Every structure is written in C-alpha cells, then in structure tokens.
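A.B. asks: Return atomic coordinates for the entry below.
(chains A and B)
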Amino acid sequence: MRDKFKQLLKTLRGGLALLAMLPLLAHAAGEAKYDFPTPATALAEQTLHLHHEVMYVVLFMFISTSLVVIYSILNHRKSKGAVPITNDGPRTRSQIVWASVPFVILFLLDYVVIGIPAYSAAKEMEDTRTDVDMVIKVIGTQWRWQYEYPDEGISFVSSMATPWEQVSNEQPKGEHYLAEVDNPLVLPVGKKVRILTTATDVIHAWWVPEFAVKRDSIPGFLHETWVKIDRPGTYRGRCAQLCGKGHSFMPIVVEAVSEEKYKEWVAAQKAKMAPVAPAAAAPAAM
Amino acid sequence: MSAISIHDDHHHDHPTGIKRWLSTTNHKDLGTLYMSAALIFFFVGGAMALTFRAELFQPGLQFLNPALFNQLVTVHALVMVFAAAMPVATGFNNYLIPLMIGAPDMALPRVNNWGFWILPLSAVLLVSGFILTLFGIGDGAPGGGWTNHNISLSMQGGIGTDMLIVVVHLLGISSVTGAINVIVTVLNMRAPGMTLMKMPLFVWSWLVTSVLVIIVMPVFSAAVTMLLTDRHFGTNFFNAAGGGDPVLWQHVFWFFGHPEVYIVLLPAWGIIPNILATFTNKPVYGYKMQVFGFWGIGILGHIVWAHHMLTSGMPLEAELYFMYATMSISIPTGVLAFCWVGQVWKGAMTFETPMLFALAFVFQFGWGGVTGLIMPDIAVNAQYHNTYVVVPHFHYTFLGGAIFAFMAAGYYYLPKFTGHMYDEKLSKVHFWLSAIGFNMTFIPQFFLGFAGMPRHYADYPLQFADFNMLSSTFAYVYGLSQLIFAYIVIKCVREGRKVSDKVWDDHNPEGLEWTLPSPPPYHTFDHPPVIK
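C.D. replies: Below is the predicted model:
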C-alpha cells in the first residue's frame, strides 16, 4: 500500500511540480500588469472576484481531468508492459456511478458555483435605473467619442491626442501612447452615473477595464449602462468593437474627480461654451 | 492480395493527367483534392496570420496600414474556416466514409465533383480584393471581420464585401450539396449488416455535421442576400439610417455562426476516438454516449447563439437565458471529454505521431472548452468580450482542437492513402514544434486579454508590448514548422517504407478501411462486404 502510494507520488511529481508552479505564475501575472486592472468601482471589484472564481473553477476542471490523462500517459504505456483492459464503457453499477460523478460535479459547477453568483452580478450590472444621480450620453463616431451632459448642456468631442508621428515611428512613443485624449470625460466619484450609448455611423463599444463596463454603441439604438467610481484618478479605456481603420486609435480617458472639483469643471465648461452660444444662435435666428 | 484489387483490373479506364482531376467523380480522388486544397489554403491563411503577427511584433505601424491589417485579419479567418478547416474535414469524409461503411462511392458523385471545384473558385474570389488593388481597382478585400459582426461597417465596405457575398453563396452551395451527399450516402449505401449503431464515430459525426450544415447554411445565405440588397438595391434590413436594425444581422449571423463552430469541430471529435483507441490498444470507449453527445451538442448548438453578443444591450432575461443555455453545452461536451479520458485509462499506450497529435488535441481542446465555459458569464463577459481572451479561446478549439485532430488523422491515414510510411523522426519534430509554437503563441494572448487589449487592434498601447512580441515570435515557430508537414506529405507520397493493409501492425485499428490494400485501389467495395 505504502509502496503504491510512493509510486503514485513519484509518477505525479511532474504534474505536482506543474501545479505548484501555477499559483506562482498566477501570482507573477497578478503582480505584474497581466491581470485585470485594479478595479475602480464596486461592480468591477465584483467582476474581478467572479473572474478569479471562474478561473479557479475551470483550472480545477482542466487540471483534475488532465492529471488522469497524464497519469495514464506515464503508467499505462506499452513500454512499461501495461496490459490494456477490454472495457468499452461503464457497464457495472459501480462503474456507472463512478462515471456519473464528474457530471454531477460539472452540473454543480455550472449552475451553482458559477451560475448563482453570475445571476446576481448580471442583475446588478443591468440595474441602470435605480438611484441614478446623473446621466451622460456617449456617442461613438469613426474614430472619436462624443460626450454629452444633457443636464448641464455640455457636449464635446474627445479625440486621440497621440501624434501620428509616434504611430508611424518617426517620434519616440510617449508613456500613454494610444491611451491619451484631448478632452477627457470628467465624472464625479461616488455618484451613480447612467451612461447612454449610441453611434452615428457604425457600431463601437465603450469600454473602460477599470469599471468592467463594456456596452456596444449602436447606430439607431440607445443602450444603457452605469458606473459609480469609488476613487479619483485617470482611467484609460478603448473601443472594443472593430469599427474600421481607426479602431485602435479612439481611446477613452475618464478623469474621476471629487464632487467639488467636478462642479468647478462644469462651471468652467459652461463658461467656455457661453460666449460661443449666442454667436452660434444668431445666424439661426435670422 | 484480395479479390477487390483483382476485380479492379478490368474496370473501365479513367482519364489521366489534369483531365482526371477536373472530371473525376471518384470519392478518393475528390477526397485527395479536398485535402490538398485545404493544405494549400492552410498555408495561404497562415501566411496572412504571420503577416499581421509581424505587424503586432512591436507597437507602432511598421509594415501594414490599419485598413490592410483589418483585411488580412478578416480574410485569414475566412480562408481558415471555409477553405482550410471545413474542406479538410470534407476531404476525409469523401475518402473515408465509403470505405468505412463499405460503399463503392458517394451516392451523388457528380454533385461531389461540383462541390469541390466551386471551392478554388470561391477562394480566388475571396482574395481577389487584394489582387484587384494591385491594379488600382477597389479598396481591397473585406475588412469587417469574418463575422461582419459590425454590419454597419460592412455596409461601408467596398468591392471586397461584394466578393464576400458571392463567395458565401458559392460555398453555401458547395457545403449544402456536400452535406446532402453525406446524408444520402450514409442512410442508403451502408453494407449489409452495417447498422447505424455499428457505424464508426467519424461517420456519425459527419451525419450530425451534415444536418447542421443543411439547417444553418441557408440562413447565412439569406443573411448575405439581405446585406446585398441593402448595399445595392436600397433596402434597409440592417441600415439604421433607414430604420433597419444592425443587431438583427448579429442574431441571424450567429444563428449560423455558432453551429458553424460545431460544423468545424464535430468531424474532429469523430475521428479522435478511433485514433486514441488504436494507440491505447483498447476498444472505443463509450461509443453510444459519444453518438448521443454529438446529437446533444448539435441540437443545443442551435439555441445558444446570442452569447456572442452579450454586450449588445439585450434585455437581462435574454442574457440570462443565453448564459444558462450555453453552460448546458458543457454537459454533452463533457461526455465526449470524459470518454477520451476513459479511452486512455488503463490502455497500453504507444506514442506514434498520430497519437501525439491526438493527445495534444485532448489537452488543447479541453482548455479551449473550459475557457468557453466562462465566456457566457454575463458580468465577466463584459470584460472578456472582444478582447484577446476570446482570440486564444477559439484558437484553442479550432487550431489546437480541430486542426491538431486533422493532423493526427493525416498521420494516421497517410500510410493508408499512399502505401508508404511517413518520415517518423521528422514527424515528431513537426509535432513538438507545433505543440510548443501553438501554446506559446496563444497562452500570452489570454493575459493580454485580461490586461485589457481588444481584438482587431493594428496597434496597441505600450503596456502590451512584451507579450505581443512573445506571441508573434512563437507564431512564426508554429507557422514555419508546418512547412515540415508539407515536406513530410510530399515525401510520403513519393517514397517510404511499404506498409501492410493494416498499416499499424502492432495495433488493431478498427474499421473496414484497414481490410483494404494500402493504398486502396481506385474502386473498392464493388461488392459490399458483409458485416457480422
């Protein structure tokens, strides 16, 4: 019995070493930049949590099944004098019970371990209408974003600020290469912002990874999503729907600021737009 | 040898040279043509992939402009799906189904010839956009992604998009006639005693595939016809400015597009169990369960399509339905996966090249499958959708799954088809370079996706630079190592150790095809064998 156990350990050593490396790899990826960006909203926190959960579930499924195959590869080989069994399917009662165990586990993983938290997360993600503090409108256009604050009467266009010389390698690339804009979207922290999305030409998708929010902006439709940013900062997102040759050149930058600063910004924007407004209105009045 | 080859000698003569291949209605000739064409297009599509991976090697634009980048990505996918993955499966079905069920040929041989010769024509049309621009005509190939998911963008497309519409119609005719041919052959031409539940799993998988093709391919043809009339005849099915609905396209396309995934994968699932069985020296494990698994996946595959569009703003109820329905596919897929595990358990394995590819298929498809399980989770999908998480996921199923399975099948049947053993040493080099190249290309892409790099990006922020470089480097390892395969195939056709009828002498491969000489004579089973 003990020998058998030792033999098993010996055989599985490779697999165990691999298993031991996985958390290390995951840790390395987590420490470095190759994991989800640090969440900036409670919703993104939840999404990150779910992401980790589903990754553990599928890693468990994959590794446990793989270990059986690896064990077979190492031991059930002709060169080791293995004698094949002639079994072509579960036949006896105990075999059938054993064969159904993985399906029971699979079913539980699907509909309980993944299914239940996925339901509540989805419900929360789609709850765009309760306790809303303000509304903004995001309009995708080839290849820039247009932002409107209907309550404040502010609207502006936000285009990529990276100079084309950097793209064509004539200038060295800046720190925020392809992730900087001329007019960032400014939002207050701690406020639930309902975001309406639409587009003027083709489908785009507004995505900021730190918010875990991605919603297609589709011509002819007004779709909605929401964010409630927890901490001030600059968050960089990008278009996530192939929309033509400028697809990789329409970044999103969101400046999350305190409520006072947000109010100052709104006032400044209004002042900036005010002198222009009568002049623009004049020809229309004629 | 057997009575079959003697019988063959006084058969009616057939043309030789180019005329033989143009006019052939012989299932083995057509199978060979399909497989050879698939291999050629595999290199065409691969060359495109290597071109845009070269562009992605570093941030900034080096070789391609973004429009050309989009076109290469689009045509790479179209060529790989419609001109490489589907034809190679069709080639194997043409060559093998009559041999496996003891029929003299396919039921509709002339249709079969048509079906094949449409293929090179459509492939030429597909890449014609690139060629026409060289003469200053049009603006290149279609560039809206192979799915045209952003249909408003395809409305803006040029002549390439029109070519795409024609090509879809032609390939639709080709694959639907091919599917009808398979169904008619399998249902009518089985040898006496070959009951449905005695058919090899590969034949079963193709029966299910054919049913899927007949159900969904006309839907795709209808969808591109709507696109055609939108583009040129003033209708507004998808045109938002005229009251049309861009999301309608996504629904109609993915009603085709999701079963299409299984159209590519089912033949691979069908051919793997027999290869595993041969080299584990065990009978096929869980035959009946796998047959029901094929049908289960085939049926469920039709009712899950909108998990490809969970960010398109569907109501929560619809999203929840598509999430849970998609998860349910893991049950019949799990049946297949556990059968493969049951197959290798307590066998007496040997590791010839087909077995190596088959085992790699089990791991790689397994990983592609489980990563598919997390995609429909609505909240997490908001993060994964249209990022680099999706790219390696479907390459693990299509490339690491289907293509690795057909590489396994290629090595398994090459000696049967040619009568020569392939270069065993070189084939192992091919395997290890493929396996390492493939995994090291696509594992970094998962991390790129987690970190937030969207798909279809011609250029990317600096934070993604190192893993893109890693991915591009190994893409070249994978891509170039396939040239070894082409060399092995050509060498095997010309020369090599003569093999016996059974080919795998130390094993007991199941199936009627192993009772025939290697290579099988031009006409086989003129008199049907009797199966006990």
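
A.B. asks: pretty sure residue A:199 contacts residue A:223?
C.D. replies: No - Residue A:199 is beyond contact range of residue A:223, at 9.9 Å (criterion: C-beta atoms under 8 Å). For every residue, glycine as well, the C-beta is placed using N, CA and C.

A.B. asks: More neighbours: those two, which one.
C.D. replies: Applying other C-beta atoms under 10 Å in any protein chain shown to residue A:199 and residue A:223 shows that residue A:199 carries more neighbours, namely 29 against 21.

A.B. asks: got the contact list for that one?
C.D. replies: A:139-141, A:217-219, B:152 (C-beta atoms under 8 Å, 6 or more residues apart in numbering or on different chains).

A.B. asks: Only whichever of those residues are buried, select them in PyMOL.
C.D. replies: Selection of the buried residues among the contacts of residue A:199 in PyMOL, burial being defined by 16 or more other C-beta atoms under 10 Å in any protein chain shown:
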select buried, (chain A and resi 139+140+141+217+218+219) or (chain B and resi 152)
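
A.B. asks: Reformat the contacts of residue A:199 as a markdown table; add secondary structure and pLDDT.
C.D. replies: Converted to a markdown table, those look like this (DSSP: H, G, I helix; E, B strand; the rest coil; pLDDT from 0 to 100):
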| residue | secondary structure | pLDDT |
| --- | --- | --- |
| A:139 | strand | 96 |
| A:140 | strand | 95 |
| A:141 | strand | 95 |
| A:217 | strand | 95 |
| A:218 | coil | 95 |
| A:219 | strand | 95 |
| B:152 | helix | 92 |
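
A.B. asks: from the contacts of residue A:199, which is closest to residue A:243?
C.D. replies: Closest approach between these and residue A:243, by C-beta to C-beta: residue A:140, at 7.2 Å.

A.B. asks: distance of the closest one from residue A:162?
C.D. replies: 19 Å (C-beta to C-beta, to the nearest Å).

A.B. asks: And for residue B:411?
C.D. replies: Taking C-beta to C-beta, one finds residue B:411 at 49 Å from residue A:162.

A.B. asks: So the two - more neighbours on which side?
C.D. replies: Of the pair residue B:411 and residue A:162, residue B:411 is the one with more neighbours under other C-beta under 10 Å, namely 26 against 21.

A.B. asks: Can you spell out which helices and strands pack onto the helix or strand that one falls within?
C.D. replies: Taking DSSP states H and E as the criterion, residue B:411 maps to helix B:404-418. In terms of contacts (3 or more C-beta pairs under 8 Å, 6 or more residues apart in numbering or on different chains; DSSP states H and E), helix B:404-418 is packed against helix B:86-101, helix B:246-280, helix B:353-374, helix B:424-451, helix B:465-494.

A.B. asks: Near residue A:233, how many other residues are there?
C.D. replies: By other C-beta under 10 Å, 14 other residues sit near residue A:233.

A.B. asks: I meant to write residue B:254 there.
C.D. replies: Count around residue B:254 with other C-beta under 10 Å applied: 19.

A.B. asks: got it, and residue B:58?
C.D. replies: 17.

A.B. asks: Next: residue B:102.
C.D. replies: 22.

A.B. asks: List the contacts of it.
C.D. replies: Residue B:102 touches B:190-191, B:194, B:512, B:525, B:528-529, B:531, counting by C-beta under 8 Å, 6+ apart.

A.B. asks: Can you flag the buried ones in the residues you listed?
C.D. replies: B:190-191, B:194, B:512, B:525, B:528-529.

A.B. asks: Can you list the low-confidence ranges for the stretch 351-500 of chain B?
C.D. replies: Within the stretch 351-500 of chain B, not a single segment meets pLDDT under 70.

A.B. asks: where does it come near chain A, residue by residue?
C.D. replies: Within the stretch 351-500 of chain B, the positions near chain A by C-beta under 8 Å from any C-beta of the partner chain are B:351, B:359, B:362-363, B:366-367, B:370-371, B:373-374, B:377-380, B:382-383, B:385-387, B:447-448, B:450-452, B:454-463, B:467.

A.B. asks: 6 Å instead?
C.D. replies: B:366-367, B:370, B:373-374, B:377-380, B:382-383, B:385-386, B:447, B:450-452, B:454, B:456-459, B:461-463 (C-beta under 6 Å from any C-beta of the partner chain).

A.B. asks: So how do I select the buried members of those in PyMOL?
C.D. replies: A single PyMOL command selects the buried members of those (16+ other C-beta under 10 Å):
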select buried, chain B and resi 366+367+370+373+374+377+378+379+380+382+383+385+386+447+450+451+452+454+456+457+458+459+461+462+463
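
A.B. asks: How confident was the prediction at residue A:30?
C.D. replies: On pLDDT, residue A:30 comes in at 54.

A.B. asks: Nearest to residue B:490, out of the contacts of residue A:199: which one, please.
C.D. replies: Taking C-beta to C-beta as the measure, residue B:490 sits nearest to residue B:152 out of those, at 45.8 Å.

A.B. asks: wait, doesn't that closest one sit right on residue A:200?
C.D. replies: No - when contacts are counted by C-beta atoms under 6 Å, residue B:152 is not listed as touching residue A:200 (10.0 Å).

A.B. asks: burial of the residue lying closest to residue B:178 once chain neighbours are set aside, as a residue count?
C.D. replies: Computed as C-beta to C-beta, 6 or more residues apart in numbering or on different chains, the closest residue to residue B:178 that is not its neighbour in sequence is residue B:115, at 4.6 Å. By the criterion of other C-beta under 10 Å, residue B:115 has 26 neighbours.

A.B. asks: While we're on residue B:115, how confident is the model there?
C.D. replies: 92.

A.B. asks: which parts of the host helix or strand of it are buried?
C.D. replies: Applying DSSP H and E as the criterion places residue B:115 in helix B:109-134. Of the residues in helix B:109-134, B:109, B:111-113, B:115-119, B:122-123, B:125-130, B:132-133 count as buried by neighbour count, 16+ other C-beta under 10 Å.

A.B. asks: what packs against that helix?
C.D. replies: Judged by 3 or more C-beta pairs under 6 Å, 6 or more residues apart in numbering or on different chains; DSSP states H and E, helix B:109-134 is in contact with helix B:27-55, helix B:159-188.

A.B. asks: By neighbour count, which bits of the longest one are buried? Give me those.
C.D. replies: For helix B:159-188, a neighbour-count test (16+ other C-beta under 10 Å) marks B:159-183, B:185-186 as buried.

A.B. asks: for that helix, packing partners?
C.D. replies: On a contact count with 3+ C-beta pairs under 6 Å, 6+ apart, helix B:159-188 meets helix B:109-134, helix B:201-232.

A.B. asks: so where's the longest helix in chain A?
C.D. replies: helix A:42-75 (DSSP state H).
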